[in-house]
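Peer 1: how would this look folded up:
(one chain, ligands or ions: 2)
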Amino acid sequence: MASFNYALREINFKIVYYGPGFGGKTTNLEYIYQSIAPSYKGKMVSLKTDQERTLFFDFLPLDLGKIKGFTTRFHLYTVPGQEYYEASRKIILKGADGVAFIVDSQKQRLKENINSYKELLDRLKEYKLDFDTLPCAIQYNKRDLPDINTLNHLEEVINIHKKPSFESIATTGKGVFATIKAICKLVIEKFEIE
Ligand SMILES: Nc1nc2c(ncn2[C@@H]2O[C@H](COP(=O)(O)OP(=O)(O)O)[C@@H](O)[C@H]2O)c(=O)[nH]1
Ligand SMILES: [Mg+2]
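Peer 2: Ligands and ions are numbered 1, 2, ... in the order given. Just a heads-up that it's a prediction; the model follows:
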């Protein structure tokens, strides 16, 4: 849910990076964070659990302009991917304005991707968020690795809702901004019609 800060004349949007553990969510956020000039971003907050981190930070996209005199501020979150953090994932997803679903393209991880996608759909349903209209992009990550599924196959078995999708190598930054920009654009478009 977009929230307004009238004092700062800002609209705040929440984008959640979802997907199986070790798919590249944290790597995406770290790349985005380090690419943004200090005056356009807030502090990166990291909540450490024993094995994984939940990260969040906010930033002001330079190229989106203002909406009705308000500056847009995007808050990016990652969720911990391992199965036993289901409760945390559910809490973090609450109120999301947009979702980036990060796929691990490796063949051996296909099942985890599909399970995570199904879980996402279930959680959204519980929050009464309609996935058909929710701004979302799919990112096929780790395209540099040798034993990966073809794009066509991943599109067929994962992207069943035909969301915009991008190939990426998050460790080098390839495809990282294409993904977040697509989501920000969809979030703004949806906000403007509602
Ligand atoms: N080869 C390769 N490794 C990646 C890529 N993206 C992430 N990784 C690595 O995969 C591991 C898990 O990434 P991480 O961002 O922590 O995944 P998360 O659990 O989804 O947050 C780390 O060792 C990353 O360096 C990629 O595009 N290619
Ligand atoms: Mg992570």
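Peer 1: what separates whichever residue of the chain sits closest to ligand 2 from ligand 1, distance-wise?
Peer 2: Closest contact between the chain and ligand 2, by CB to the ion, is at Thr26 (3.3 Å). Placement of C-beta: from N, CA and C, glycine included. Distance from Thr26 to ligand 1, counting by CB to the nearest ligand atom, to the nearest Å: 3 Å.
Peer 1: Counting neighbours, show which residues of the helix or strand that contains that residue come out buried.
Peer 2: Counting by DSSP states H and E, the element that carries Thr26 is helix 25-35. Residues of helix 25-35 classed as buried under the neighbour-count rule (16 or more other CB atoms under 10 Å) are 25-33.
Peer 1: correct me, but the residue of the chain closest to ligand 2 touches Thr78?
Peer 2: Yes. Here Thr26 lies in contact with Thr78, judged by CB atoms under 8 Å, at a distance of 5.5 Å.
Peer 1: Apart from its chain neighbours, what residue comes closest to Val45?
Peer 2: Distance criterion CB to CB, 6 or more residues apart in numbering; nearest residue to Val45, sequence neighbours excluded, is Phe56 at 5.3 Å.
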